[in-house]
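Student: I would like to see how this sequence folds:
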Amino acid sequence: MGKFLESEKPKQSEFKETSAYFTKEARFEGVYKGKSRSFCLPIDYAEQNLVPEIRQSALDHFSKNQIKWHDGKNGKPSNHLCDSQVCCVNFLFPFANKPDVLTEVLRPFFPDIHRMLPIENEGYVSFEWIGKDNYLGEKISRNGKRTRGANFTSADAIVMFERKDKKCQVVLIEWKYTESYGGTSLIYSKAGTDRREIYLHLFEREDCPIDKSLLPNFASLFYEPFYQFMRQQFLANEMEKVHEMGADLVSLLHIAPVHNVDFQKITSPDLKKLGKSTTNIWKKLVKPENRFLSVSTEKLFGNLSPERLPEIKSWIDYIHARYTWVHDDSTL
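Tutor: This is a model prediction of the structure:
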């Protein structure tokens, strides 16, 4: 396990035990993977893993769109307080009905934003986006349905905006929190499937978004997080080609805490010569270069102030209390 995850567990336990955001019943230890843990909520109170002001609306959004909660039960999110999907929803869902504030948050990194556009007329942020069609050719279950957030390449979140040049840009968001990865190749699934055969047709295309002249070999991409990056970049490229939702451009935005230094460990042996971090390497590999952007969670959210954005004061208070590292710029 990564050092950042181990440091977050006691902090999240203390937050649960001492803050006013939880009921008395939710402060007890929760069972996770068969073991009682202080950094987890009791299953029956898992919805309290979410920011109070979005608890019901987020549950409704996931239910209506049949989005799967990772490790969730009974239509509720994971009870693990260090869960990455929960973290993503806590940071982004509050902006789903605040397009002007969301514009302010994104503009420093996307200076061409003119105005945010709704995703399927349901708000300005959605989650676990898999694309309108099975662009990557991934295996579909017997019932013929694809599930957002399970068994298919999913972007953790999605936003869309009109640019100053009147073009429409979709941004797929890959969110990380406490993740860290080892050096295990994922070429073969547990069932023995060669995953290279699934994505090879996308890799071999002339419009492949990966600069193959820099890549040692296709197999070098089958290590996390490069395996995720590859699939999401393929998804963005295919969505752009068919102008999904009227998009003229589809890019991938990676968001992760700079405090989580374990995430930047280069897991693919053949890619180590290309750079000093996972995101640095991926930025070199993606073409055109503006189709991938990596921003730290701290830079994106750490400088938001209630004085400048009073409409999100309660959210800022919650985020600063729970994810204390977000406004710690000592490592930036």
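
Student: now Leu221. Nearest residue, chain neighbours left out?
Tutor: Spatially, and ignoring its direct neighbours in sequence, Leu221 is nearest to Met230 (4.7 Å; C-beta to C-beta, 6 or more residues apart in numbering). C-beta: built from backbone N, CA, C; applies to glycine.

Student: distance of that neighbour from Leu215?
Tutor: 10 Å (C-beta to C-beta, to the nearest Å).

Student: the more surrounded of these two?
Tutor: Met230 (22 against 18; other C-beta atoms under 10 Å).

Student: tell me who's in contact with Glu6.
Tutor: By C-beta atoms under 8 Å, 6 or more residues apart in numbering, Glu6 lies in contact with nothing.

Student: quickly find the element holding the residue nearest to Leu221.
Tutor: helix 226-241 (DSSP states H and E).

Student: tell me what angle the helix or strand that that helix is followed by forms with helix 226-241.
Tutor: Sequence order places strand 249-256 as the next helix or strand after helix 226-241, per DSSP H and E. Angle of strand 249-256 versus helix 226-241, following axes from the mean of the first three to the mean of the last three C-alpha atoms, to 10 degrees, is 150 degrees.

Student: now strand 249-256: average pLDDT?
Tutor: Averaged over strand 249-256, pLDDT sits at 98.

Student: quick one: strands adjacent to it?
Tutor: Paired strands of strand 249-256, with direction, are strand 168-175 (parallel), strand 292-296 (parallel) (DSSP bridges).

Student: right, so of those, which gets closest to Ile158?
Tutor: Taking C-beta to C-beta, strand 168-175 is the member of the strands paired with strand 249-256 nearest to Ile158, at 5.7 Å.

Student: averaged pLDDT, that closest one. What do you get?
Tutor: 98.

Student: and for stretch 31-48?
Tutor: Mean pLDDT, stretch 31-48: 97.

Student: same question for stretch 70-88.
Tutor: 96.

Student: go on, stretch 260-278?
Tutor: 95.

Student: buried sites along it?
Tutor: Judged by neighbour count using 16 or more other C-beta atoms under 10 Å, the buried positions of stretch 260-278 are Asn260, Asp262, Phe263, Gln264, Ile266, Thr267, Ser268, Leu271, Leu274, Gly275, Thr278.

Student: SS state for the fifth one?
Tutor: Taking DSSP: H, G, I helix; E, B strand; the rest coil as the rule, one finds Ile266 in the coil state.

Student: just to check, it is in contact with Gly275?
Tutor: Yes. Assessed by C-beta atoms under 8 Å, Ile266 is found in contact with Gly275 at 7.5 Å.

Student: which residues do these two both contact?
Tutor: Counting by C-beta under 8 Å, 6+ apart, the residues touching both Ile266 and Gly275 are Ile281.

Student: give me phi/psi at Met116?
Tutor: phi -70, psi 150 (degrees, to the nearest 10).

Student: give me the neighbour count for it.
Tutor: 21.

Student: same check, this time on Asp71
Tutor: Neighbour count of Asp71, defined by other C-beta under 10 Å: 16.
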